[in-house]
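In: Dropping the sequence and predicted coords here.
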Amino acid sequence: MDMLVEAAPLDRHGMARRLAADIPEGWVVNLGIGIPTLVSDHVPPEREVIFQAENGVIGVGPAPPPEEEDPWLINAGKQMVTLRPGGSFVSQSDSFALIRGGHLDLCVLGAFEVAENGDIANWAISSNEKAPAVGGAMDLAAGAKRLWAIMEHTTKDGRPRLVKRCSYPLTALGVVSRVYTNLAVLDVTPEGFAVRDMIPGMTLEALQARTEAKLRPAA
Amino acid sequence: MDMLVEAAPLDRHGMARRLAADIPEGWVVNLGIGIPTLVSDHVPPEREVIFQAENGVIGVGPAPPPEEEDPWLINAGKQMVTLRPGGSFVSQSDSFALIRGGHLDLCVLGAFEVAENGDIANWAISSNEKAPAVGGAMDLAAGAKRLWAIMEHTTKDGRPRLVKRCSYPLTALGVVSRVYTNLAVLDVTPEGFAVRDMIPGMTLEALQARTEAKLRPAA
Amino acid sequence: MIDKFVASALEAVADVRDGATVLIGGFGQVGTPNHLIEALCERGLRDLTVVSNNAGTGTHGLARLMAEGRVRKVICSYPRSRGSVVLEELYREGRIELEVVPQGTMAERMRAAGAGIPAFWTPTAAGTQLGEGKEVRAFGGRACVLEHALKGDVALIEAWEADRWGNLTYRMSGRNFNPVMAMAADLTIVQTQHRVELGELDPERVVTPGVFVDRVVHIPYGKPRLW
Amino acid sequence: MIDKFVASALEAVADVRDGATVLIGGFGQVGTPNHLIEALCERGLRDLTVVSNNAGTGTHGLARLMAEGRVRKVICSYPRSRGSVVLEELYREGRIELEVVPQGTMAERMRAAGAGIPAFWTPTAAGTQLGEGKEVRAFGGRACVLEHALKGDVALIEAWEADRWGNLTYRMSGRNFNPVMAMAADLTIVQTQHRVELGELDPERVVTPGVFVDRVVHIPYGKPRLW
């Protein structure tokens, strides 16, 4: 555990920046609520990436300065946003036709757990606590061409989130292709998690100690 | 048969005029190819009826004068038309959502045969003659709130078209609620055809002689 | 002359009945027909089923309708918005039934109702808790669940512009659930910010053709309050 | 910078393969991407399956593609248009396969493909010759048939305006099958009458968002010839 004195975990923006670096120009991308929303701040404006919000906004731009805020223009997290030139508005049914029909190059979601078989659990913690709320998570997870999860590598009390099988209620089965954590980037492969890269100072052994599923280096 | 020396059958326009008299203001109406298309000519312009064409035109107006013809604006019969103020354009999938979702107050179709149980045959004469062509007939027949058929009471050689069971390939089952012919107007009821009215000089007996199915007067 | 405008929100909802299924447009507070919902509150109805993406915030609109005990069941995708205290409390106390539906499935079920599709297959929710109890079939090797059309007795819609035929446009992200709900109910009632003359709307720009609309009330309330 | 414009129709269709399923927009000759079809003819392909509402008229466009023996199968609703002599002749001689689909079912099958719905139930064609061999199930007491998504390898689309992201508008009844086909194929190729700058199209008036479009060719050919 002491190896971490040298390895400084990424903060939320660091994780978002790391993920943003892997999004090429031209992709159509949906960002979930939470850390995923930060990703767009780290895509330079000259790299044209089309961000889609499930409430029917295509071509979401950055947050407006206060004097240009318009409550008619919100994203799926109900935050005021802007529209890029080339953007457009569609209805909820057309927005989800886009999402469910495989027209998203990428969806980025936060998660409670991701399993080595690509299962993701991100919408419900237990069945009886509060009113359950799923939003578009299941549609996005089932419909996007690629699903990347972004999350802390472990819970606050150190429990692994990269697991053999999810214990929380599932969002979708076998759909995650990559996970970005505060410690590493991992691919989900037919042989389980493969570590693409780690933060400086991190070792495979130290990462494995924080992970329930078996890790191996990427090929 | 001689009763017909006094009873003058309606021509195509007469049939269309008779049907048009029964369309109230505010209805959304789709008119099939052939005699049905003539119906709109007999709805006075001050009675607002919304004609829909399945290629995506809502609010079809009359044919334009030659100098105002625009080939971008055609109806489902590929004739140039106009658009009434209040009209709009939708895609084929939205147009058929409207048709199939029960949003048409009325569809008027020509027919080869209508049966006393409301079955209609209007799209194919035999299976192997020419390339079959159905267009939107099956969608319209299954989807409209009301289906009225308009057709000659008999074939050119005197064979009845109002039959016990259709012999031609069916378009839809049990959907016709009224038939307008060159001789009479008939409702399709759970007890079969009921004659609403007949052309002057026509009698129920003479009409029955030209009809395979059993007729009775409307209640 | 077709004229779908009525004088007031109260008149527009006058014949909504106890036990009705009411589709309510909007996403968060944008495109939400709050004045029609308030009019519905005035009616003092019982046992409503409400279909809405969110489950109300604060104490007005849908939150008020629920707080006053008018709603037996809510069908929604995301009841946990900022300030959705009324729903949370009723739910905890077991005084309201809640059916949580994935957002896309909810939209598609209403689109199916509007388009005459009684049921369809979708991979969304297959293998999850929300897919439990549903018929399952594989297509192309992928498990799908059977989902049924979701039709409203009434839809409450907010539009930006409307003419007397009921042709509608929407404003920006105020479009959201409004067009699909407008086609999915037996009775579609609209509150519009702007009333325009017939023929004033560009036929290429109409989003909801008047064919889908029954009544319109002109309520120029201004900007939505986000919370 | 995203720029979906390519220099020529021939370049746009350069990688369409033998055996491909090609969705072709248009209703009659309105909104029909004839220049893209002619470019496809130049490619000398084999065994294409074409999905199109009509089956070509005269000797150009789709009629030429069929006459030159490129098409193995046509899926359409109404092959019997004025001047559709090529199809009639090939059909009579048994040299082309024809699948006639009700027009609404055809549109809905492509919409399903575009929206991730593998299959759906519809009353259209139930109990008729076109429903034969299909799975039947009653919903609400009404017989329905199971219809499957119809996806294209390629869609050929005609638009009125396009920008470099591929956002599209259409002109009047030229809209028809184009928006639904644009979302139902792996590769969507557009010929557009007008090329506009990014940001020039009103975001409320875009009919097909560029998300669904892969390539655009600017072909300002003028008015359609109806026959």
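Out: Okay, I see it. Numbers count the residues shown, from 1 in each chain, chains lettered A, B, ... in the order given.
In: Taking chain A, what residue is nearest to chain D?
Out: Going by Cβ to the nearest Cβ, chain D is nearest to residue A:85 of chain A, at 2.9 Å. In short, each C-beta sits where N, CA and C put it, glycine included.
In: Beta-bridge partners for residue C:21, please?
Out: Beta-bridge pairing of residue C:21 under DSSP bridges involves residue C:49.
In: burial measure for it, as a count.
Out: Using other Cβ atoms under 10 Å in any protein chain shown, residue C:21 is surrounded by 18 other residues.
In: Residue A:41 too?
Out: 12.
In: quick one: it and residue A:61 touch, right?
Out: No. Between residue A:41 and residue A:61 there is no contact, the gap being 11.1 Å when judged by Cβ atoms under 8 Å.
In: Low-confidence bits of the chain, can you list those?
Out: Let's take chain A. Counting by pLDDT under 70, chain A has low-confidence residues at A:1-6, A:126-129.
In: Sorry, I should have been clearer: chain C.
Out: For chain C, the ranges with pLDDT under 70 are C:227.
In: ranges for the helices of chain A?
Out: A:12-20, A:35-38, A:92-100, A:137-143, A:204-209 (DSSP state H).
In: How about chain C?
Out: Under DSSP H, chain C gives helices at C:9-12, C:34-43, C:62-67, C:85-92, C:103-115, C:178-182.
In: of all the ones you listed, which lies closest to chain D?
Out: helix C:103-115 (7.2 Å).
In: Tell me which other helices or strands that closest one touches.
Out: With contacts defined as 3 or more Cβ pairs under 8 Å, 6 or more residues apart in numbering or on different chains; DSSP states H and E, helix C:103-115 has these neighbours: helix A:92-100, helix A:137-143, helix B:92-100, strand C:119-122, strand C:142-148, helix C:178-182.
In: What residues are bridge-paired with the spatially closest residue to residue A:150 that is not a sequence neighbour?
Out: Nearest non-adjacent residue to residue A:150, counting by Cβ to Cβ, 6 or more residues apart in numbering or on different chains: residue A:180, 4.5 Å away. As for beta bridges, residue A:180 partners with residue A:150, residue A:185 under DSSP bridges.
In: Contact partners for residue A:180?
Out: Residue A:180 is in contact with A:15, A:18, A:19, A:148, A:149, A:150, A:151, counting by Cβ atoms under 8 Å, 6 or more residues apart in numbering or on different chains.
In: same thing but at 6 Å, please
Out: A:15, A:18, A:19, A:150 (Cβ atoms under 6 Å, 6 or more residues apart in numbering or on different chains).
In: Likewise for residue A:163?
Out: By Cβ under 6 Å, 6+ apart, the residues touching residue A:163 are A:113, A:115, A:212, A:213.
In: Check residue A:27 too.
Out: Each residue near residue A:27 by Cβ under 6 Å, 6+ apart is listed here: A:49, A:105, A:106.
In: Same list (these) but as CSV, adding neighbour count.
Out: What follows is the contacts of residue A:27, written out as CSV (neighbours: other Cβ atoms under 10 Å in any protein chain shown):
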residue, neighbour count
A:49, 22
A:105, 18
A:106, 22
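In: With distance to residue C:171 as added columns, please give those in CSV.
Out: Formatted as CSV, those follow (distance: Cβ to Cβ, whole Å):
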residue, distance to residue C:171
A:49, 26
A:105, 29
A:106, 29
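In: Could I get the contacting residues of the most far-flung residue of chain A relative to its centre?
Out: Here chain A reaches farthest from its C-alpha mean at residue A:67, the gap being 30.4 Å by Cα atoms, centre = their mean. If you count contacts by Cβ under 6 Å, 6+ apart, residue A:67 has none.
In: separation between it and chain B?
Out: Note on residue A:67: its distance to chain B, by Cβ to the nearest Cβ, to the nearest Å, is 36 Å.
In: Which positions in chain C make contact with chain D?
Out: C:117, C:118, C:119, C:120, C:121, C:139, C:144, C:205 (Cβ under 6 Å from any Cβ of the partner chain).
In: tell me the centre residue of chain C?
Out: Centre-most residue of chain C, counting by Cα atoms, centre = their mean: residue C:24, 2.4 Å.
In: from what I can see that residue touches residue C:154, true?
Out: No. Using Cβ atoms under 6 Å, residue C:24 is not in contact with residue C:154, being 9.2 Å away.
In: thinking again about what came up before, nearest to residue D:108, of the helices and strands packed on helix C:103-115?
Out: Within those, the stretch nearest residue D:108 is helix B:92-100; the backing value is 6.5 Å (Cβ to Cβ).
In: tell me the contacts of the closest residue to residue A:11 other than its chain neighbours?
Out: Spatial nearest neighbour of residue A:11, chain neighbours left out: residue A:182 (7.4 Å); criterion: Cβ to Cβ, 6+ apart. Neighbour list for residue A:182: A:9, A:10, A:15, A:152, A:153 [criterion: Cβ under 6 Å, 6+ apart].
In: Residue C:131: which of those is nearest?
Out: Nearest to residue C:131 among these is residue A:152, at 28.0 Å by Cβ to Cβ.
In: picking up where we left off before, quick one: contacts for the residue of chain A closest to chain D?
Out: Residues D:198, D:199 are the ones in contact with residue A:85 under the rule Cβ under 6 Å, 6+ apart.
In: Return the distance of it relative to chain B.
Out: Taken as Cβ to the nearest Cβ, the span from residue A:85 to chain B is 25 Å.
In: gap between that residue and residue D:210?
Out: Per Cβ to Cβ, to the nearest Å, residue A:85 is found 12 Å from residue D:210.
In: ditto for residue C:20
Out: Distance from residue C:20 to residue D:210, by Cβ to Cβ: 40 Å.
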